[in-house]
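# Fold the stuff below for me.
(one chain, ligands or ions: 1)
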Amino acid sequence: MGERPTILITGAGIGGLTAALTVASAGFDVVICERTAELSEIGAGIQLSPNAGRVLDSLGLDAAIRDVAIEPDAIDVMSGVSGGRIASLPVAAFRKRYGAPYRVIHRADLQTILAAAVNKATDIRLLLGTTVEAVLPRGGESFVRLKGQRDEVIQAAAVIGADGVWSATRERITGAFDPEPVGRTAWRTVIPRDNIPDTLPTNRVGLWMGPNAHLVHYPIARGAAVNVVAIVDEVWDKPGWNARGDYRRIAERFNTWPAAVRAIVTAPQGWQKWALTSVDPGGRWAEGNTALLGDAAHAMVPFLAQGAAMAIEDAAVLANCLKASPANIPTALAAYEAERKPRVMRVWNAARRTGEHYHMTGRMAGLRDTALRLVGPRLMLMQNDWIYRWQPGSPGSAQD
Ligand SMILES: Cc1cc2nc3c(=O)[nH]c(=O)nc-3n(C[C@H](O)[C@H](O)[C@H](O)COP(=O)(O)OP(=O)(O)OC[C@H]3O[C@@H](n4cnc5c(N)ncnc54)[C@H](O)[C@@H]3O)c2cc1C
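Next up, the predicted model:
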């Protein structure tokens, strides 16, 4: 590392790791601190839409991701009541349409790829087992006290809080507030492919919608396993908000659903349960030479599979803004907030609305299914076109 200004990033999740790569390639030295001693993303899959894929491609990660990710043929929207297929979105066409594919990947695989690129970069220091203890602004810079295997003080031109939904950096910018519980829990598991009936299609995403719940499954680990996420309306706010889920509870919750869903939820496997929370993106993201990125700024409900995608987009825009005003960091961070906020607010709101649609009951659910059948895949695709077409520099802020 040399004489270039140093940017300190707190948190090595998908957002922080991507930002380390984009910011370093914009001409800065980067120190990225992660409080856990090892990088260990949760054992689950993640959907990567073309808007995120395009940023990762620009970092030269396409070949590595292609090697482990899956490009499904389609997303099948299924009725959790009748068991029939309501509509099918041919996502295999995304690569041609958007210049980047729609992919599903194990989180650990994505994290390994990002971390390998970070470790290879000579201008990035990744400090594991290291917590940001204090940030002391002085003369336009910050002195950041780190506690870890080796305690040290880093002089940083900017501090980026990519420290997740319970961000302490956010507290320094907006004052203390907790993320908002959304009254739903997410149940996740990964099941070996052999433990699931052969009738489950291998290269497709299944999205089952039923009363007050929905379930998504897709292949990961080169097809050797199936990632399952079930989201149910349920108030639960245990401290930590993440615990082992009792499989009998989830089996009971879906026991009137079609046989294919019951086969998935009763397959012998451990479940992990999360209370879903969100952070309103309308608050401040930047103050002086400190800014927020990813879930710290805008944790959202996962119904459009865009939380990590927004963190990845943030990373691209942050780097562009820093590159445009390297000598005036507060201006760069204010420009980053101004560019990102309208786009993220629109996605955040769309994700909430989508959740309401997925969990409809009775007559409303019937109307939803009829409408989906009628509009067909072409119109379904156009509905989210604005999300997937995004490029750094394009505002994506108009109202839908
Ligand atoms: C059920 C579910 C399904 C989802 N599916 C998708 C999907 O398919 N596609 C998608 O795009 N998004 C999805 N998301 C959203 C996505 O998981 C998140 O938006 C994304 O992981 C957030 O990344 P992040 O880097 O901002 O935060 P995090 O992943 O939370 O990382 C924050 C990191 O900061 C570290 N940290 C915290 N405080 C400190 C400190 N003081 N010092 C040092 N380190 C610190 C933490 O240990 C952590 O490693 C889903 C979310 C849920 C709940």
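
# What is the burial count for residue 67?
Neighbourhood size, residue 67 [other C-beta atoms under 10 Å]: 10. In this view, the C-beta of every residue, glycine as well, is placed from N, C-alpha and C.

# ok, now the one 5 residues further on?
By the other C-beta under 10 Å criterion, the neighbourhood of residue 72 contains 25 residues.

# Quick check: it touching residue 205?
Yes. In this structure residue 72 lies within contact range of residue 205 using C-beta atoms under 8 Å: 5.1 Å.

# quick one, longest helix in the chain?
helix 329-358 (DSSP state H).

# in that one, what's buried?
329-330, 332-337, 339-341, 343-348, 350-351, 354-355, 358 (16 or more other C-beta atoms under 10 Å).

# just stretch 243-253 next, same as before
Applying a neighbour-count criterion of 16+ other C-beta under 10 Å, one finds 245, 247, 250, 253 buried in stretch 243-253.

# what are the C-alpha coordinates of it, in PDB please?
C-alpha atoms of stretch 243-253 as PDB (Å, rounded to 0.1, in the frame of the first residue of the first chain):
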ATOM      1  CA  ALA A 243     -32.100 -19.100  15.500                       C
ATOM      2  CA  ARG A 244     -32.400 -22.700  14.700                       C
ATOM      3  CA  GLY A 245     -35.900 -23.400  13.300                       C
ATOM      4  CA  ASP A 246     -38.000 -26.300  14.500                       C
ATOM      5  CA  TYR A 247     -38.700 -28.300  11.300                       C
ATOM      6  CA  ARG A 248     -42.000 -29.500  12.700                       C
ATOM      7  CA  ARG A 249     -43.300 -25.900  12.800                       C
ATOM      8  CA  ILE A 250     -42.500 -25.300   9.200                       C
ATOM      9  CA  ALA A 251     -43.900 -28.700   8.100                       C
ATOM     10  CA  GLU A 252     -47.100 -27.900  10.000                       C
ATOM     11  CA  ARG A 253     -47.300 -24.400   8.400                       C
END
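
# List the contacts of that stretch.
187, 213, 230, 232, 262, 265-266, 268-273 (C-beta atoms under 8 Å, 6 or more residues apart in numbering).

# Buried among these? Need that as a selection in ChimeraX.
With 16+ other C-beta under 10 Å as the burial test, the buried ones among the contacts of stretch 243-253 are selected in ChimeraX as follows:
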select :187,213,230,232,265,269,271,272,273
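
# Helices - which of the contacts of stretch 243-253 land there?
262, 265.

# Give me the lowest-pLDDT entry from the contacts of stretch 243-253.
Minimum pLDDT for those is recorded at residue 268 (71).

# excluding its backbone neighbours, what's nearest it?
Spatial nearest neighbour of residue 268, chain neighbours left out: residue 195 (6.6 Å); criterion: C-beta to C-beta, 6 or more residues apart in numbering.

# Just the CA atoms of stretch 171-188, as PDB, please.
Extracted C-alpha coordinates of stretch 171-188, given in PDB (Å, rounded to 0.1, in the frame of the first residue of the first chain):
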ATOM      1  CA  GLU A 171     -25.800   5.300  14.700                       C
ATOM      2  CA  ARG A 172     -23.000   7.900  14.200                       C
ATOM      3  CA  ILE A 173     -24.700   9.400  11.200                       C
ATOM      4  CA  THR A 174     -28.400   9.300  12.100                       C
ATOM      5  CA  GLY A 175     -28.500   8.700  15.800                       C
ATOM      6  CA  ALA A 176     -29.500   5.300  17.300                       C
ATOM      7  CA  PHE A 177     -32.400   3.500  16.000                       C
ATOM      8  CA  ASP A 178     -33.200  -0.200  15.500                       C
ATOM      9  CA  PRO A 179     -34.200  -1.800  12.200                       C
ATOM     10  CA  GLU A 180     -38.000  -2.200  11.900                       C
ATOM     11  CA  PRO A 181     -39.400  -5.700  12.300                       C
ATOM     12  CA  VAL A 182     -41.700  -6.400   9.300                       C
ATOM     13  CA  GLY A 183     -43.900  -9.100  10.900                       C
ATOM     14  CA  ARG A 184     -42.500 -12.000   8.800                       C
ATOM     15  CA  THR A 185     -39.900 -14.700   9.300                       C
ATOM     16  CA  ALA A 186     -37.700 -16.300   6.700                       C
ATOM     17  CA  TRP A 187     -36.900 -20.000   7.100                       C
ATOM     18  CA  ARG A 188     -33.900 -21.200   5.200                       C
END
